[in-house]
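1. could you work out the structure for the sequence below:
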Amino acid sequence: MARYTPTVVIAPDSFKGSLSAAEVTTAMAEGVRAMLGPDVTIIERPLADGGEGTLDALLANWNAFPCLSETTDAVGRLRTARYGISNDAKVGIIEAAEANGLPHVSDIPLRPMRADSYGVGIIARNLLDRGVDEIVLCIGGSASNDGGTGLLAALGARFLGHDGSDVAPGGAGLSHIAAIDDSQLHPRARRVRWRVATDVDNPLCGEHGAAAVFGPQKGATPQNVVDLDAGLEHLARIIAAKTGVDMVERAGAGAAGGMPACLVPLLGAELTPGAQLVTEVVGLRAACENADVILTGEGSFDSQSLRGKVVHGVLEAVPPNFPVVVIAGMVRLSAAEIQAAGVAAAFSIARGPSDLPDLIENSAYLVREAAAQVGGLLNAFRLHSRPTGATQHDPRSRQPSLANTR
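-> Predicted coordinates:
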């Protein structure tokens, strides 16, 4: 009987500190192909969770190159940032941290009350000028706590004090806002679809809000946290009075220093878990429809992986009962936890006792080797034939073969 060669979808996150998602995908594909031969069908879909690496993951799926924009960092200094446009020129992708990310202000003392998202808005304005129909905005990794006021200001909105003048930029000005003038907003700002990828579900204010949870890592002192939290709540009340949309307790509104506080009510933006958004944009579910298994992975496979990270996004995207295999730097879940999550199996790339520097240095080789082990299992159990009428994922259609085991 004719041998059936499996179709394998490979859709990992990056391995932070060592490999990009595209590099992990390549290494996995090489390992699988080494065991299954050149005729195996491999569908590559590098992923991300809406934070660092999302731009690169989407560009890799689009086979597109990044564009460059002159913009500003979180404290107003000039810098050049990358952004992306789909090949049909309809979708623009912004990784907000390219402009207002923490790494770009690491050379100076952090300024949590001054930092803003204005530079992100400059990139968005460029995309609007280029005529895109949709903007995918990935907002993880910011250095700002301005509730998105800087971004809106770059698009033409004004945040005015009681004297009618513009308030100070950043978190320092939030409590002084008396009115919002959006009459000069970019003419296309409300015509495009805004999809905002968040990697956290924190509310805007309170003990779990943007200032309390993320402010300290952006340099906020205890008093700064109090002031920023009060400022964000004040901003939300001003916006609610204007639009009828209350963002104070909205899940995800606390992401990126509260950036969704302006984007959702004033631009109609949709908040989406980052991993879910990326899997939708790259068409992961459709890619799996005629496949046999999906390989995914990330640096550490643990309980957080099942709460909005890439592995969770994959599990949500694939058809019911579809075989999902995880390859990770470290696997911190038990076999029972892995099975309960809906994952078929998980493999660590570590080959015996290893420390993190060793794993990082040899990560591409180790990922290839782990993927080859998965390929060996597929080689051992791949189909010889499918009985007439059996569906691809019907267990009765899978006939184990040991003909080519190693």
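
2. so how far is Asp246 from the closest residue to Ala179 other than its chain neighbours?
-> Across the structure, with CB to CB, 6 or more residues apart in numbering as the measure, the residue nearest Ala179 apart from its sequence neighbours is Leu160 (4.7 Å). Glycine gets a C-beta too; all of them are placed from N, C-alpha and C. For Leu160, the distance to Asp246 equals 21 Å [CB to CB, to the nearest Å].

3. returning to that earlier point: and for the residue nearest to Ala179, the neighbour number?
-> Other residues within reach of Leu160, judged by other CB atoms under 10 Å, total 16.

4. hey, what's it bridged with?
-> For Leu160, the beta-bridge assignment (DSSP bridges) gives partners Asp166, Ala179.

5. cool, and Leu271?
-> Beta-bridge partners of Leu271, as defined by DSSP bridges: Val196.

6. residues contacting it?
-> Shown in contact with Leu271 (CB atoms under 8 Å, 6 or more residues apart in numbering): 196, 198, 250-253, 260, 264.

7. how about those in a markdown table, adding secondary structure, pLDDT and distance to Thr54?
-> Rendered in a markdown table, the data for the contacts of Leu271 read as follows (DSSP: H, G, I helix; E, B strand; the rest coil; pLDDT from 0 to 100; distance: CB to CB, whole Å):
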| residue | secondary structure | pLDDT | distance to Thr54 |
| --- | --- | --- | --- |
| Val196 | strand | 95 | 12 |
| Thr198 | strand | 87 | 11 |
| Arg250 | coil | 92 | 22 |
| Ala251 | coil | 91 | 20 |
| Gly252 | coil | 91 | 16 |
| Ala253 | coil | 94 | 19 |
| Pro260 | helix | 96 | 16 |
| Val264 | helix | 97 | 19 |
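
8. farthest-apart pair in these, please.
-> Within these, Val196 and Ala251 form the most distant pair, 12.6 Å apart (CB to CB).

9. compare those two (neighbour count), which wins?
-> Under the neighbour definition other CB under 10 Å, Val196 and Ala251 were set side by side, and Val196 has more, 27 against 15.

10. isn't that one right up against Glu270?
-> Yes. Taking CB atoms under 8 Å as the contact criterion, Val196 and Glu270 are neighbours in contact, 6.7 Å apart.

11. and for the two, which residues touch both?
-> Between them, Val196 and Glu270 share the neighbouring residues Val264, with contact defined by CB under 8 Å, 6+ apart.

12. so what touches the strand or helix carrying Ser69?
-> Using DSSP states H and E, the secondary-structure element containing Ser69 is strand 67-72. Residues outside strand 67-72 that contact it (CB under 8 Å, 6+ apart) are 78-85, 99, 118-120, 122-123, 126.
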